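[1] here's a sequence, model it:
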Amino acid sequence: MAAPFRLAASAEMLYTDRPFVERVRALHERGFEVEIWDWSTKDLRELATTGAVFSSMTGYLRGDLTTEAGIDELLATAEESLRAADVIDSPRLNLHGTGLDGSGLPVVPREVVEGDDWLRAADTLGRLAELGRRAGRVFTLENLNTAVDHPGTPFARAHDTLALVRAVDDGGLRLNLDLYHAQIGEGNLVELVREALPWVGEIQVADVPGRCEPGTGEIRYEAIARELGSLGYDGVVGLEGWASGDTDAALDAFTAAFAL
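    Numbering: from 1, shown residues only. I've put the predicted structure just below:
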């Protein structure tokens with residue numbers, strides 16, 4: 001039986017032996033929505049000709065949530081990103097606790113954030129939410145893990161991103177709840193999904209360890225899928241993971257894990 005939610009997959013991480021536009025076409029032909037990262041490195045008009053449905057893209061190019069210069073950069077490049085989103089009609093634009101470099105590391109690492117940082121971050125996110133709402137799009141704040149992939153990133157845990165989105169309380173800002181990152185950093189995924197779901201704009205998945213398709217690690221994604229179904233979730237579940245071997249086989253495993 002088909003899942004009640006929509007399935008998307010990352011063109012950044014799958015079919016990596018092909019030119020980028022061919023990855024997008026291949027995912028579209030398999031029936032998946034498509035997720036991309038840095039839009040500034042892509043020919044968006046060419047991607048728009050593929051017929052693919054784009055689920056999300058990066059919502060900024062530079063900046064952070066708390067420093068004066070970083071906030072200015074974040075807001076300016078978020079506006080650029082909204083214009084880019086119009087080209088491929090991406091409904092969601094993804095954010096992080098700070099700007100990341102090409103290796104996924106924070107440009108300015110911060111191990112500790114103070115109370116004033118939380119207030120500034122919430123204010124910045126509120127301004128981004130207003131930009132998104134005016135444009136008819138949604139910014140999504142993604143949780144990350146600091147133990148393996150993104151050390152030094154502030155506001156990284158799922159409970160951090162959830163607290164910020166709740167504080168802003170604006171339909172222009174939602175969570176990108178990444179369960180791969182949450183398993184590494186926090187665990188207790190079913191309870192996390194139950195708590196966070198009212199604030200979720202998208203869910204991303206990959207197995208742990210290895211960040212590959214469901215079935216290659218320790219997470220029982222079939223149980224997560226049943227919980228999502230029982231909670232009435234009908235949004236996007238995106239595979240943001242590598243293929244452990246053949247990409248088509250990985251996508252088959254992803255589809256099977258999220259079929260109810």
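[2] residues in contact with the nearest residue to Ala249 once chain neighbours are set aside?
    Spatial nearest neighbour of Ala249, excluding adjacent residues (Cβ to Cβ, 6 or more residues apart in numbering): Ala243 at 7.4 Å. (C-beta placed from N, C-alpha, C; glycine too.) Residues in contact with Ala243 (Cβ atoms under 8 Å, 6 or more residues apart in numbering) are 13-14, 212-213, 249-251.
[3] and these, which two are furthest apart?
    For those, the farthest-apart pair by Cβ to Cβ is Met13 and Ala249; their separation is 14.7 Å.
[4] which one's more surrounded, the two?
    Neighbours per residue (other Cβ atoms under 10 Å) separate Met13 from Ala249, with Met13 holding more: 20 against 12.
[5] in this structure the more buried one contacts Glu240, no?
    Yes - if you go by Cβ atoms under 8 Å, Met13 and Glu240 touch, sitting 6.5 Å apart.
[6] just the ones of the contacts of Ala243 in helices?
    Among the contacts of Ala243, the members falling in helices are 249-251 (criterion: DSSP state H).
[7] need those residues in JSON lines (columns: distance to Val113 and pLDDT).
    JSON lines is the format used below for the ones in helices among the contacts of Ala243 (distance: Cβ to Cβ, whole Å; pLDDT from 0 to 100):
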{"residue": "Ala249", "distance to Val113": "41", "pLDDT": "98"}
{"residue": "Ala250", "distance to Val113": "36", "pLDDT": "98"}
{"residue": "Leu251", "distance to Val113": "38", "pLDDT": "98"}
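[8] and these, which is closest to Ser230?
    Using Cβ to Cβ, the ones in helices among the contacts of Ala243 come closest to Ser230 at Leu251, 24.7 Å.
[9] which residue packs closest to that closest one, ignoring adjacent ones?
    In this structure, Leu251 finds its nearest non-sequential neighbour in Arg30, 5.9 Å apart by Cβ to Cβ, 6+ apart.
[10] before we move on, what about Leu65?
    Per Cβ to Cβ, 6+ apart, closest to Leu65 is Ala121, 4.0 Å.
[11] now swap in Leu162 and tell me
    If the residues on either side of it in the chain are set aside, Leu162 comes closest to Ala196, at 5.2 Å by Cβ to Cβ, 6+ apart.
[12] and the one you found, what element?
    helix 189-196 (DSSP states H and E).
[13] contact partners of that helix?
    Residues from elsewhere that reach helix 189-196 (Cβ under 8 Å, 6+ apart): 158, 162, 175, 177, 179, 182-183, 186, 203, 219, 223-224, 227-228, 231.
[14] list the contacts of the residue positioned nearest the centre of the chain.
    Taking Cα atoms, centre = their mean, the centroid of the chain lies closest to Asn176, which sits 4.7 Å from it. Going by Cβ under 8 Å, 6+ apart, Asn176 touches 56, 92, 94, 140-143, 201-204.
[15] who's in contact with the residue nearest to Ala48 when sequence neighbours are not counted?
    Distance criterion Cβ to Cβ, 6+ apart; nearest residue to Ala48, sequence neighbours excluded, is Ile88 at 5.2 Å. Ile88 makes contacts with 39, 44, 47-48, 54, 57, as judged by Cβ under 8 Å, 6+ apart.
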